[in-house]
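**Student:** Build the 3D model from these lines:
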Amino acid sequence: MAAAGYPGLASSSAAQEEITTDYLDLTDPGAADRPESAPAGGTGETLVSPQTPPDPTALRELQTREIATATTDRSCGESSGSIEALRTARDGLEADFVERHRETLDALVARYGAK
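**Tutor:** Below you'll find the predicted structure:
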């Protein structure tokens, strides 16, 4: 991602977290600084309500940046082989799970049917 103009984004999750934080800053000022256990509005800050939506220009800019970041992230994942590596690892783990739990899964299918 750094070579594609996104320094500091070493992973897909880092890119998602950055966009999410920026979105929260637009829609719920101060949310990123609240502890996760604090409810919205629980620290006394003013929240943007549905009646006062975020600035449309800032929201459009964030949407444009999100699309560009996601597109670049996907391209980087394809060119680096990380998407295929993750898919292969996931498929292997899922196949292993099915084999280890085949008896239980077969019993569930027999009881509830395959829909």
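**Student:** which residues of the chain fall in helices?
**Tutor:** Using DSSP state H, the helices found in the chain span residues 12-27, 56-80, 82-100, 102-112.
**Student:** Out of these, flag the one nearest residue 6.
**Tutor:** For those, proximity to residue 6 was assessed by CB to CB; helix 56-80 is nearest, at 6.2 Å. All C-beta atoms are positioned from the backbone trio N, CA, C, and that covers glycine.
**Student:** picking that back up, identify, out of the helices of the chain, the most deeply packed stretch.
**Tutor:** helix 12-27 (a mean of 15; mean count of other CB atoms under 10 Å).
**Student:** What average pLDDT does that helix get?
**Tutor:** In this model, helix 12-27 has a mean pLDDT of 89.
**Student:** And the residue sitting nearest the centre point of the chain, how far from residue 29?
**Tutor:** Nearest to the geometric centre of the chain sits residue 16, at 5.0 Å (CA atoms, centre = their mean). From residue 16 across to residue 29, the span is 20 Å (CB to CB, to the nearest Å).
**Student:** re the thing from before, quick one: which of the helices of the chain is nearest residue 5?
**Tutor:** Of all these, helix 56-80 sits nearest to residue 5, with 7.4 Å by CB to CB.
**Student:** Which residues does the closest one contact?
**Tutor:** 1, 4-6, 9, 12, 15, 18-19, 22-23, 26, 53, 82-84 (CB atoms under 8 Å, 6 or more residues apart in numbering).
**Student:** Pick out the most distant pair among those residues.
**Tutor:** Within these, 53 and 84 form the most distant pair, 40.1 Å apart (CB to CB).
**Student:** ok now the lowest-mean-pLDDT helix or strand in the chain, how far from the chain's centre?
**Tutor:** Least confident helix or strand, the chain: helix 12-27 with a mean of 89, by mean pLDDT, DSSP states H and E. In terms of CA atoms, centre = their mean, to the nearest Å, the centre of helix 12-27 is found 9 Å from the chain centre.
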